[in-house]
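S.K.: Whatever this is, show me its structure:
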Amino acid sequence: MQKKLCFYYSAMKGGKTTRIFQKIHDLEENNQQVLLIKPAQDTKGEAKIINRLKQTRTVDILLFPASKVLSEENIDKIYDCDYIIVDEAQFLTPSQIDELWKINKKAKVSITCFGLLTNFRGELFPGSKRLIELSDERIELETNSLCTCGATAKFNARKVDGIFTMEGDEIEIDGARKNVEYVPLCGACFYKEVYRKQRRNNK
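M.R.: Next comes the predicted model:
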């Protein structure tokens, strides 16, 4: 059976982390040793993953932007596991995605990454772009979140002090600052509520 590198994605509030808990449960029920990784830029939960049901699990590897996946500290954990799961994979660097790909192909370890495709400007995250290029399977979650209009959400719009914006740093975790929140939107609503207004304000 082929060991694959898979990328599951959805807009924000699409149930990705809850799906991770279910995946880990299913694997461990079958005596698979799971290695859980997340990027340190996701400060929500610190060294844990947490879903909207308040389930938590401590990660095995917390990766900073300058971290090597295949570091001396991590190597035994990687080669002792049966399956690797990555949360918030969009925050990984392209070189870290390359390392995961090499682990998958050389060590024959199945890897499933969960994350967002695009940032609040509608642009691909560098990590997600590299996953699209390298992954064996790219799957949009069927539990994807809904836009405020009821359509399937594709964009992750940012609000600051209640107003949509396309300005600011690429990574700003919701909840880290009380005045920042994210709203999943469909393409039509993102164009109407965010893109068009931003263009108008910048004239």
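
S.K.: So, low pLDDT: which residues of this structure?
M.R.: Low-confidence segments of the chain (pLDDT under 70): 143-144, 174-177, 200-203.

S.K.: one more time with 90
M.R.: Of all residues in the chain, those with pLDDT under 90 make up the ranges 1-2, 13-15, 18, 42-46, 50-55, 141-145, 148, 168-169, 171-179, 195-203.

S.K.: For it, just list every one of the strands.
M.R.: With DSSP state E as the criterion, the chain has strands at 5-9, 34-39, 48-50, 56-58, 61-63, 83-86, 110-115, 137-140, 155-160, 163-165, 180-185.

S.K.: Out of those, flag the one nearest Ser95.
M.R.: The minimum distance between Ser95 and the strands of the chain falls on strand 61-63, with 11.0 Å, by CB to CB. Where you see a C-beta, it was placed from the backbone N, CA and C, and this is true even at glycine.

S.K.: Using the record's assignment, carve this structure into domains.
M.R.: Domain assignment of the chain by automatic domain parsing yields the ranges 5-140, 155-201.

S.K.: Tell me which of the ones you listed is the most buried.
M.R.: The highest mean neighbour count among these belongs to domain 5-140 (a mean of 18), with neighbours defined as mean count of other CB atoms under 10 Å.

S.K.: can you give me the end-to-end distance of it?
M.R.: Terminal residues of domain 5-140 lie 15 Å apart, using CA to CA, to the nearest Å.

S.K.: ok, now stretch 179-190?
M.R.: Where stretch 179-190 begins and where it ends lie 20 Å apart, using CA to CA.

S.K.: what's next to it, contact-wise?
M.R.: 11-14, 120, 122, 145-149, 151-161, 164, 172, 174, 193-194 (CB atoms under 8 Å, 6 or more residues apart in numbering).

S.K.: Please list the members of the residues you listed that lie in helices.
M.R.: When DSSP state H defines the helices, the subset of those inside them is empty.

S.K.: Excluding chain neighbours, give the residue nearest to Phe155 in space.
M.R.: Nearest non-adjacent residue to Phe155, counting by CB to CB, 6 or more residues apart in numbering: Phe190, 4.0 Å away.

S.K.: er, Glu137 I mean
M.R.: Leaving aside its sequence neighbours, Glu137 sits nearest to Cys6 (CB to CB, 6+ apart; 4.4 Å).

S.K.: right, and the one you found touches Cys113 too?
M.R.: Yes: in this structure, Cys6 is within contact of Cys113 by CB atoms under 8 Å, at 6.9 Å.

S.K.: what touches both of these two?
M.R.: Contact criterion CB under 8 Å, 6+ apart; residues bridging Cys6 and Cys113 by contacting each: Ser135.

S.K.: dump the residue contacts of the closest residue in space to Thr43 that isn't next to it in sequence.
M.R.: Nearest residue to Thr43, sequence neighbours excluded (CB to CB, 6+ apart): Ile173, at 5.3 Å. Going by CB under 8 Å, 6+ apart, Ile173 touches 41-44.

S.K.: With Asp76 instead?
M.R.: The neighbourhood of Asp76, defined by CB under 8 Å, 6+ apart, contains no residues.
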